[in-house]
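K.L.:
Structure of the sequence below:
(4 chains)
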Amino acid sequence: MHNPSPLTPYPATITKIVDETGDVKTFTVVIDDPEVMENFGNKPGQVAQLSVFGEGESTISITSSPTRGKFLEFSVRRVGRLTNVLHQFEVGQKIGVRGPYGNWFPYEMMKGKDLFFIAGGIALAPIRSLIDFVLSDQYRKDYGKVEILYGARSYNDLCFKQDLFERWPKCPDTKVYTTIDRPEEGWDGHVGFVPSYVEEINPSPKNKVAIICGPPIMIKFTLAVMEKLKFADDQIVTTLEMKMKCGIGKCGRCNIGSKYVCIDGPVFTLAQLKQLPPEF
Amino acid sequence: MSVETKDFEPKIVGFTCNWCSYAGADLAGVSRMKYPPNVRVIRVPCSGRVNPQFVLRAFQKGADSVLVSG
Amino acid sequence: MDSRVVNKGQLPELLDKLARDHILVAPVREEENITLFKRVSGASEVQLDYITSDVSPKGWIFPQTEKTLSYTYTGDTLEMKEPDAPPKTILFGVRPCDVRSILALDPVFEGKFLDTFYLERRKNTVIIGLSCKTILSTCFCTAFNSGPCDGTGADLMFTELGDKYYVEVNTEKGKSLVEAYSQYFLKEDTEKLAKAKEEQAKKLEGQFTRKVDLDGVKKVLDENFELPYWEKVFRKCLGCGICTYVCPTCHCFDIFDYTTGEFTGNRFRCWDSCMFPDFTLMAGGHNPRPSRKERVRNRFMHKLKYHMDRYNLDGCVGCGRCIAKCPVNIDITQIIKDLKEVGQNA
Amino acid sequence: MMDVIQQLREQAKKLLEGKKVDMVIGFGEGTELARTTPVFITNPEEVSALTWGPLCANNLVKYLLDYQNLPGNIAVVVKGCDSRAINRLVTDNQINRDKVVVLGVPCPGQLDWRVVAAAADPAAKLKGFSDDGESFTIKTDAGDYRFDKKESMLPRCLVCENPNPVVSDITIGKEQPVRNYKERFADVIALEQLGTEEKSAYWDKQFSRCLRCYACRNVCPVCTCRTCVFDQMQPMWVSKRNNLSENTAFHLIRAFHVAGRCIDCGECDRVCPVDIPLRNLNQKIQKDLKDLFNAPTPGSEAGLASPLGEFATGDPEEFM
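P.N.:
Down below sits the predicted model:
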C-alpha cells in the first residue's frame, strides 16, 4: 500500500442547508471520520476543495470559524456546473472535502487592533470566518472595536441575514453597517454603494486593519477611498479568488507571478498585492 | 466482436423527430403495440437537430447502431 | 560513482531481458518521422539511433491521463478507491535534457503536499540515460549548464563509444539494476572510456548552432511584467497546446470526474495547457488571463522566471521541441535574445 | 522570386503610407534558415521584414479572425490555397471583404521545412531562392541546396489546385502553372481500398498518438466558432482524457464540423506535432461531396455555398 494521495477527499455529509439569497446557499458539512474532523485544523480565511462526485471539484472558502464547532460551512453561489448540482443537494447527502488549503488572515498581527470589515455580495463568505473568529468568546478580548460594513444589490441579495441583524450586533463593541444599492420598499437602512458608504462612515486608520473582499469593481473603488482615508497598504487585507484544480500548488493555474494563490494566498495584504503583477 | 453470438442484443440509439417518428412511437405505445426494448429513444425537436457529433458520441458510448428518424 | 561497460553487441540481449522482466519503455519509431517513448517487448522495437523523441518521456512519470480515484456514489453512500501503485518501469534511452527535465519536475510534486501518484511512479522508475550523438539545430541544452553527455539525474547513463557503451552508475537504483544483470555490465577498466566520453562531449558541444546566453534575462523579467515586447510575440501565437504538451517540464493539469454508470465514475487528472482560454476561466466568467497576450507571457515567464523563483531550478532544459514543433515559429531562444536586448536598452 | 519580395514590400509600404490599411500580415524571416514566421506590420518603415519564398507554408488568413471587429482595413499575403479561405470566410460572414486587401502571390509550391533543415547547414545565412519549375535552389552563404519539388514539397503542394490566388486585390509575381504530381485524391483512394478492419486499425494507430493539443483546430481557417464544442464544459462532449476513444471522437467530430467548408489548405496536416495525416480525413469528405454533389473545393469561387448547406432538386436521395 502506498500513502493516501492528497488529492483524495474525505467523505463528508451535509447536515444543514440555509438559503441565503436566490442563488446562494450555505451548506454545513461534517466530515464522516470524527478524528479527521477533529484535526481538520482550518484557520479563518482558508479554503477547501469540495467534491461533487460526477461533477468534479471546486475551490470554496470555508466560511465558518473553527471556534464555532466541529463542522465546516460553505456558502456557494450557483454559477457553474458543479455549483448547479450542489444546489440540488439535500441534507444527508454526501460530498467530498479536502483541505484546508492556503494561508489565513493574519489574526496574530491583528491582535490589539480595531478591525474594519468591508464586503460586498457573496464576498462576505470568506471573511465571515474571521469575523466569527474575533467575535468568539475565546478571542474577543484580543481585539479592539469591530465594525462590519456589508453591501449587496438588494435586501434579498444580502447573505447571512441572521448574522447581520441578530447575532453580530449583539456582540460587545461591534457595529454592523448594511447597505443596498437601490432604495427598496421596507428597507429603512442605508442605500448606496459600498465605497461611498465607507467614505461616509469615515473610519480613522489609527490602529486599525481593514479587511476588504468583494467584486473587483467594488475593491477598486473602495481601495481608492481607503487611500484617501490614509490607510497604509499593510493595513489593508484582502482575499483573492482564482480558478484552482489541485489546491496544493501543483496544477499551475492559480499563479499570480510566481505566487500560487492556493498555497501562498488567498489572503494578501495590499502591500503584498502591490508586489505582484496585476494578473488577477 | 461478439456480434456473432446468438444472444447478442444490440443497443440502438434512436433520435426521433417530435412531430412524426416520436409521435409514431408514442402512438404505438398508446395502442399497446410491443417492440423490443433495444431501441433507446431520444426525442429531438426535429431531425435537423441531429448533429453528426450526436451519432459519433452514441457510437463512442457503446451504441451498436444509431437510428435517425424524422 | 561506479562505472561499467556494455558491449554494443550485447545490448539487444540486455534489452530483451529487461523487457521480459520489467515494463521496458524505450524510444520507438512510429510512421516515417515520429519517435515516441512506448512500452516495448524487446530490443527489435527500440530505435537506438533516434535523435530526440517528438514527445518527451515525462508522460511515463506524469501521464497525460491518470486515474486518481474511482468512486461509487449514490447520493447517500460513498465509496472511494485509489488506484494501485504503479509497477516497476525501466525508462531506457532518455536524453540528458529529458533527464534534467524530470529533476525540474521533482520539486513541483514534492513539497508540503506530496503528490503520491508522481512520487510512486518516480520511485518505481529506473531512468537509463543515453548520451546524444547528433546535435539538432534546435538544441540548446548547453545554455542550462547541461550537455549532450550529461548524466545528471539518470540512474544509469549510457554513452556509445565505438563498439562499447560506457555506463555510469549514478544511483543505488542503478546499482541494483547493474547487479541484477551483472553478466552484461562488465567490470572493465573504464578510465580510457571516461576520457573518450569527455572528448566526445566536448566535440558535440562545439556543434551547437544556437548560442543562448541567459545572463540578465531573469533580471529583465523580474523588473518588468508589462513589456511592449509581448505585444509582438503574441499576435502570431495560434493558442494551441503544442508547446506545452511536447515540453518536458510543463506540469499543469486538470482534474475532473468521468461517470461510467449511474452511480460509478472515475476521477482523472490530465495534462492541461496554459495556452487554452479555459485554463484560468472561472465559473463566474472572470478570466485573469483573458487573451493570448497574457497567456503567452505567462508561459515564457513560467519557463524563465517563475520556476526559478519557486524551485531555484531552470524551467527550461533546452530540448528544443517547442521550437521545432511550433507551427508559427515562436522560438524561446529568440525570446531570450530579444528580452536581453530589451534589458540592455532599458 | 527576389523581385516578388521587393514588390511585396513596396505594395505594403504604399498601403500603409496611404492609410489604406492599418496592418499588413505577411511572412517574415524565421529564426532558422528553413523557417518563416508570420509578421504583423503597422509601420511603413518596417516593411523590410516581409519576405516570400518556398518556405511560407502558413495560412495567414486565420489571423484575420483576430481583427474581424476592428474598424480599420487589413492587408494579408495569401497563396493560392490560402485564398480559398478568404472566399470561405466571406461566405460565412466571418470577415468583411471590403475591409481586407488581399495581396495574392502565385505560389510555386512550398517545401517541408524539416527536409530543408535536415539538409542545410543550420548556421548558414539565407541569400535567396531560385525556382526552375521542377526544383528549388536555396542559396546560402554556406553553399546552394537543391530540392526536388516532387521529393521535398509538402504533400498538399503535390496536388495543388490553385497555385494562383482565386481572389486577389493586388497580385504580385508571375502566374504559376498548375503542376499536379499525382491524382488529387490518390491517398484517399488508397485508404478506401483497405478493408473495414484495416481502415479501423490504420486510424486507431494514428489517433492513439494524438496529444489533443488542438493545433489542427486552432490553425484551421474555417474553425471560427466563438466557443469551440471541445472547449465547452456543459455538456462536455469530449473530455480531456487522452485515449483512443476520446481522440477518435475529437477527430471525427471535427472532420464533420468542417465538412463542406474545409478548403483543403492542409494546415492541420502540416502543424500536427505527431504527424497524424488529418488531411486524408478531410479529403475523404471532399471526395464524397465531389462524387455526390459534384461540389468544387470550398472557397474556390466567391460566394460558393457549402454543398451541405443548400438543397438542389438534383441532389441524390438514395434512401427516399
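K.L.:
C-alpha from now on. contacts and neighbour counts both.
P.N.:
Fine.
K.L.:
Quick check: phi and psi at residue C:40.
P.N.:
In terms of degrees, to the nearest 10, the main-chain angles of residue C:40 are phi -120, psi 160.
K.L.:
wait, it sits on residue C:29?
P.N.:
No - Residue C:40 is beyond contact range of residue C:29, at 11.2 Å (criterion: Cα atoms under 8 Å).
K.L.:
Name the residues linked to residue D:41 by a beta bridge.
P.N.:
Assessed by DSSP bridges, residue D:41 has beta-bridge partners residue D:24.
K.L.:
For whatever residue of chain D ends up closest to chain A, what is the enclosing helix or strand?
P.N.:
Residue nearest to chain A within chain D (Cα to the nearest Cα): residue D:234, separated by 6.9 Å. For residue D:234, there is no host helix or strand (DSSP states H and E).
K.L.:
Likewise for residue D:268?
P.N.:
Going by DSSP H and E, residue D:268 is in helix D:267-271.
K.L.:
can that helix be found next to chain C?
P.N.:
Yes - Helix D:267-271 reaches chain C (Cα under 8 Å from any Cα of the partner chain) through residue D:271.
K.L.:
List of residues touching that helix?
P.N.:
C:325-327, D:58-59, D:154, D:215-217, D:219-220, D:275-279 (Cα atoms under 8 Å, 6 or more residues apart in numbering or on different chains).
K.L.:
Ok, stretch C:93-104 next?
P.N.:
Residues contacting stretch C:93-104 (Cα under 8 Å, 6+ apart): C:26-27, C:48, C:52, C:56-58, C:127-132, C:141, C:146-154, C:248-249, C:313-319.
K.L.:
that older thread, now narrow the contacts of helix D:267-271 to whatever sits close to chain B.
P.N.:
Filtered for proximity to chain B (Cα under 8 Å from any Cα), these leave an empty set.
K.L.:
ok, and residue C:193, which helix or strand is that part of?
P.N.:
Here residue C:193 is assigned to helix C:191-205, by DSSP H and E.
K.L.:
distance between the helix or strand just after that helix and the chain's centre?
P.N.:
The helix or strand immediately downstream of helix C:191-205 is helix C:217-223, counting by DSSP H and E. Relative to its chain's centre, helix C:217-223 lies at 25 Å (Cα atoms, centre = their mean, to the nearest Å).
K.L.:
same for the helix or strand containing residue D:251, what does it pack against?
P.N.:
Under the criterion of DSSP H and E, residue D:251 resides in helix D:244-257. Where contact means 3 or more Cα pairs under 8 Å, 6 or more residues apart in numbering or on different chains; DSSP states H and E, helix D:244-257 is packed against helix B:52-60, helix D:196-208.
K.L.:
Now the weakest link among the ones you listed, please, by mean pLDDT.
P.N.:
Note on these: lowest mean pLDDT is at helix B:52-60, with a mean of 90.
K.L.:
That one and chain C in contact?
P.N.:
No - using Cα under 8 Å from any Cα, we find that helix B:52-60 stays clear of chain C, coming within 12.7 Å at best.
K.L.:
Need the residues touching each of residue C:40 and residue C:29.
P.N.:
With Cα under 8 Å, 6+ apart as the test, residue C:40 and residue C:29 both reach residue C:46.
K.L.:
Bridge partners for the nearest residue to residue B:55 once chain neighbours are set aside, pull those for me.
P.N.:
Closest residue to residue B:55 apart from its sequence neighbours, by Cα to Cα, 6 or more residues apart in numbering or on different chains: residue B:66 at 6.5 Å. Bridge pairing for residue B:66 (DSSP bridges) gives the partners residue B:13.
K.L.:
What distance do you get for residue B:66 to chain C?
P.N.:
Note on residue B:66: its distance to chain C, by Cα to the nearest Cα, to the nearest Å, is 20 Å.
K.L.:
Repeat that for residue A:249.
P.N.:
Counting by Cα to the nearest Cα, the gap from residue A:249 to chain C is 8 Å.
K.L.:
where in the stretch 1-150 of chain C is pLDDT low?
P.N.:
In the prediction, the stretch 1-150 of chain C carries residues with pLDDT under 70 at positions C:1.
K.L.:
just the strands in it please.
P.N.:
With DSSP state E, counting those that start in this stretch as the criterion, the stretch 1-150 of chain C has strands at C:3-7, C:23-30, C:34-40, C:65-73, C:78-81, C:89-94, C:125-130.
K.L.:
quick one: the residue of chain C most remote from its centre from chain D, how far?
P.N.:
Here chain C reaches farthest from its C-alpha mean at residue C:76, the gap being 42.8 Å by Cα atoms, centre = their mean. According to Cα to the nearest Cα, residue C:76 stands 25 Å off from chain D.
K.L.:
Not counting sequence-adjacent ones, nearest residue to that residue?
P.N.:
Nearest one to residue C:76, counting by Cα to Cα, 6+ apart, is residue A:93 at 4.9 Å.
K.L.:
I'd say the one you found and residue A:13 touch.
P.N.:
Yes - between residue A:93 and residue A:13 there is a contact at 5.8 Å, judged by Cα under 8 Å.
K.L.:
the more surrounded of those two?
P.N.:
Per other Cα atoms under 10 Å in any protein chain shown, whichever of residue A:93 and residue A:13 has more neighbours is residue A:13, with 24 against 17.
K.L.:
any idea how far residue A:29 is from that one?
P.N.:
6 Å (Cα to Cα, to the nearest Å).
K.L.:
So which bits of the stretch 51-200 of chain C are right by chain D?
P.N.:
C:54, C:64, C:65, C:137.
K.L.:
Now neighbour count and distance to residue D:22 too, for those residues, in a markdown table please.
P.N.:
Shown next, in a markdown table, are those (neighbours: other Cα atoms under 10 Å in any protein chain shown; distance: Cα to Cα, whole Å):
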| residue | neighbour count | distance to residue D:22 |
| --- | --- | --- |
| C:54 | 22 | 39 |
| C:64 | 21 | 43 |
| C:65 | 18 | 45 |
| C:137 | 20 | 36 |
